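Q: Next one to model:
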Amino acid sequence: MNIGMLLYPKVTQLDLTGPFEVLRSLPGARVRTIGKTRDPVESEGGLILVPSATYADAPELDVLFVPGGAGQIPLTRDRETLDYLSSVGSTARWVTSACTGALLLGAAGLLRGYRAATHWAFMELLPVIGAIPVDQRVVIDRNRMTGGGVTAGIDIALTLAAEIAGREVAEMIQLQLEYDPHPPFQSGHPRVADRALVSSVRDKLQARFDERRTLLEAVAATWS
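A: Residues are numbered from 1 along each chain as shown. Purely as a prediction, here's the structure:
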């Protein structure tokens with residue numbers, strides 16, 4: 001099984017590396033990180049990552065996975081990337097994302113008419129690209145699997161592992177990773193976090209929200 005994970009500058013590395021640890025453990029799976037070139041890229045936090053394949057030489061994929069991050073914003077204007085995602089997504093068995101990777105899938109036209117999720121702060125942008133927002137950590141609609149922000153990528157990958165190889169395999173991977181979260185604070189989502197804290201984080205992300213909206217509206221306008 002060929003699994004391709006998009007890798008680009010200013011990606012949120014945990015969106016990528018968390019799911020990577022799960023998916024690489026699937027029996028018979030070959031996981032590649034796919035970039036425009038094989039040049040090293042710097043993640044949003046400064047970690048240097050190196051693609052193992054390019055758009056040009058990557059094989060046909062059974063699973064397409066798109067992580068999120070600040071770098072998703074300029075890629076919304078990148079025709080080569082959108083065309084690649086659209087082409088791969090039309091034939092892949094599974095089209096998946098973590099966090100704002102869903103917005104990139106949407107910009108490529110891959111979520112029109114599908115239920116989907118993304119990071120809580122950007123859920124309102126899903127209808128712009130024709131998706132139906134669902135406030136869940138993992139959302140499956142036919143062969144599309146999307147989810148919430150950053151850490152939800154691990155949940156998505158385990159859910160995908162169960163769909164591909166069965167629950168027992170997925171549970172074994174989870175146990176090997178000791179994925180047994182007990183967060184020290186109950187502040188991981190607006191439904192449980194203090195309202196003042198939510199407001200503060202929204203204010204911090206507002207400029208990024210506005211930029212994403214403008215770019216996605218421009219993409220959607222070309223579909224009319």
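Q: going forward, measure contacts and count neighbours with C-alpha atoms only.
A: OK.
Q: how about the protein, which residue sits the furthest from its center?
A: Largest separation from the mean C-alpha position in the chain: Ala196, at 27.6 Å (Cα atoms, centre = their mean).
Q: other SSEs contacting the top helix by length along the chain?
A: For the chain, the helix with the greatest residue count under DSSP state H is helix 195-221. With contacts taken as 3 or more Cα pairs under 8 Å, 6 or more residues apart in numbering; DSSP states H and E, helix 195-221 sits against helix 72-75, helix 101-107.
Q: Put the alpha carbons of the shortest one into PDB.
A: What that stands for is helix 72-75. Taking C-alpha atoms only, helix 72-75 is exported to PDB below (Å, rounded to 0.1, in the frame of the first residue of the first chain):
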ATOM      1  CA  GLN A  72      -1.000  25.900   3.700                       C
ATOM      2  CA  ILE A  73      -1.800  29.500   3.100                       C
ATOM      3  CA  PRO A  74       0.600  30.200   0.200                       C
ATOM      4  CA  LEU A  75      -0.100  26.700  -1.200                       C
END
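Q: Can you tell me what sits against that helix?
A: Here helix 72-75 makes contact (Cα atoms under 8 Å, 6 or more residues apart in numbering) with 10-11, 81-82, 100-101, 103-104, 211-212, 215.
Q: was I right about Thr159 contacting Ala170?
A: Yes: taking contacts as Cα atoms under 8 Å, Thr159 lies within contact range of Ala170: 7.5 Å.
Q: Which of these two has more residues huddled nearby?
A: More neighbours surround Ala170 than the other of Thr159 and Ala170, with 23 against 19 (other Cα atoms under 10 Å).
Q: Got the phi and psi for that one?
A: With angles defined as degrees, to the nearest 10, Ala170 sits at phi -60, psi -40.
Q: ditto for the one 4 residues further on
A: Here the main-chain torsion angles of Gln174 (degrees, to the nearest 10) amount to phi -60, psi -40.
Q: To what extent is it buried, counted in neighbours?
A: Counted with other Cα under 10 Å, the neighbours of Gln174 add up to 17.
Q: same thing with Asp62?
A: 17.
Q: Kindly report the same for Gly106.
A: Using other Cα under 10 Å, Gly106 has 28 neighbouring residues.
Q: From Gly18, how far out is Lys204?
A: Between Lys204 and Gly18 the computed distance is 25 Å (Cα to Cα, to the nearest Å).
Q: Looking only at neighbour counts, state which of these two leads.
A: Remark: of Lys204 and Gly18, Gly18 carries more neighbours, 18 against 11, as counted by other Cα under 10 Å.
Q: Confirm that one sits in a helix?
A: Yes: the assignment for Gly18 (DSSP: H, G, I helix; E, B strand; the rest coil) places it in a helix.
Q: Let me see the contact set for it.
A: Listed by Cα under 8 Å, 6+ apart, the contact partners of Gly18 are 151, 153-154.
Q: Cool, thanks, talk later.
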